[in-house]
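# I'll drop the sequence and a predicted model, then ask my questions.
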Amino acid sequence: MDEAASHTQGSSFLQGQFLIAMPNLADPYFEHSVTLICQHDAEGCFGLTINRPIQVTVTELFEQLNIPVENESLKGLKALSGGPVQPEQGFVIHDKAIEKTWENTMQVTNDLYVTASRDILFDIAINKGPKNFLLTLGCASWVAGQMEAEVLNNSWLNCDANSKIIFDTPYNQRWNGAVEKMGINAAFISDVAGHD
């Protein structure tokens, strides 16, 4: 195996992938969820669920944080539950902003980023932030080896993350959209593992 292939296989794990809940996954939080895996290494896994809107809107959240809102396009936009861990922590999934950086930003793929600092919220509020974004509260995390075991147990499918599904697809269609991106008809997904 060449060095580049070895590096990719050994270090990337599922980062930059969608984690798609199988129909047999009975966990009430993760049932029919789609989660963007933001970081995955030998120490564990961190992701943000992209299809769980909550009752709080982005504008209401900004008001609670005393951030003045001038951006009219935020009206009615829902925040999402990114996962059951750290529910008070905000995370912004976004595309690349031209000539703009924020304090606590992680690159997930070539065109997807996650920022967990307040400075991006102030820019979004005045329409100076990234063109496309999702605001989530909380995250999902797995300890070392847990995600690999759950995938082998047929709890999840995974595929490359897709910006159109994250930013352009209605929340209630993201699970089907992610499954169909794999070339699979969601109606035919089996609850039984197909590997030994």
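Nice, I can see it. Residues are numbered from 1 along each chain as shown.

# where in the chain is pLDDT low?
By pLDDT under 70, the low-scoring segments of the chain are 1-12, 98, 188, 190-196.

# quick one: the strands in the protein?
Secondary structure of the chain (DSSP state E): strands at 17-21, 34-41, 44-49, 53-57, 78-81, 85-94, 105-107, 113-115, 133-143, 156-160.

# so which of these is the most surrounded?
Highest mean neighbour count of the strands of the chain: strand 17-21, a mean of 25 (counted as mean count of other CB atoms under 10 Å). For the C-beta atoms, the positions are set from N, CA and C on the backbone; glycine is no exception.

# list the contacts of that strand.
27, 30-37, 47, 147, 155-162, 165, 175, 178-179, 181-182 (CB atoms under 8 Å, 6 or more residues apart in numbering).

# one more: stretch 44-56?
By CB under 8 Å, 6+ apart, the residues outside stretch 44-56 that reach it are 13-14, 19, 29-30, 32-40, 78-83, 91, 93, 114, 134, 136-137, 139-144, 146-147, 165-166, 171-172, 174-175.

# cutoff 7 Å now
If you take CB atoms under 7 Å, 6 or more residues apart in numbering as the criterion, stretch 44-56 is touched by 14, 19, 33-39, 78-83, 91, 93, 114, 134, 136, 139-144, 147, 166, 171, 174-175.

# could you do stretch 164-175 as well?
So stretch 164-175 is contacted by 20, 32, 34, 36, 50-51, 53, 93, 132, 134, 177-178, 181 (CB under 7 Å, 6+ apart).

# hmm, 6 Å instead?
32, 34, 50-51, 53, 132, 177-178 (CB atoms under 6 Å, 6 or more residues apart in numbering).

# in this structure, which residue is most central in space?
Closest residue to the average C-alpha location of the chain: Leu36 at 3.0 Å, with CA atoms, centre = their mean.

# how close does that residue sit to Gly83?
Leu36 sits 11 Å away from Gly83 when distances are taken as CB to CB, to the nearest Å.

# for Arg118, same thing?
Using CB to CB, Arg118 is found at 20 Å from Gly83.

# the two: who's more crowded?
Neighbour count, other CB atoms under 10 Å: between Arg118 and Gly83, Gly83 has more, with 24 against 13.

# which residues touch that one?
Neighbouring residues of Gly83 by CB under 6 Å, 6+ apart: 49, 138-140.

# turn those residues into JSON lines, including distance to Leu65.
Listed next are these as JSON lines, based on distance: CB to CB, whole Å:
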{"residue": "Thr49", "distance to Leu65": "21"}
{"residue": "Gly138", "distance to Leu65": "16"}
{"residue": "Cys139", "distance to Leu65": "18"}
{"residue": "Ala140", "distance to Leu65": "23"}
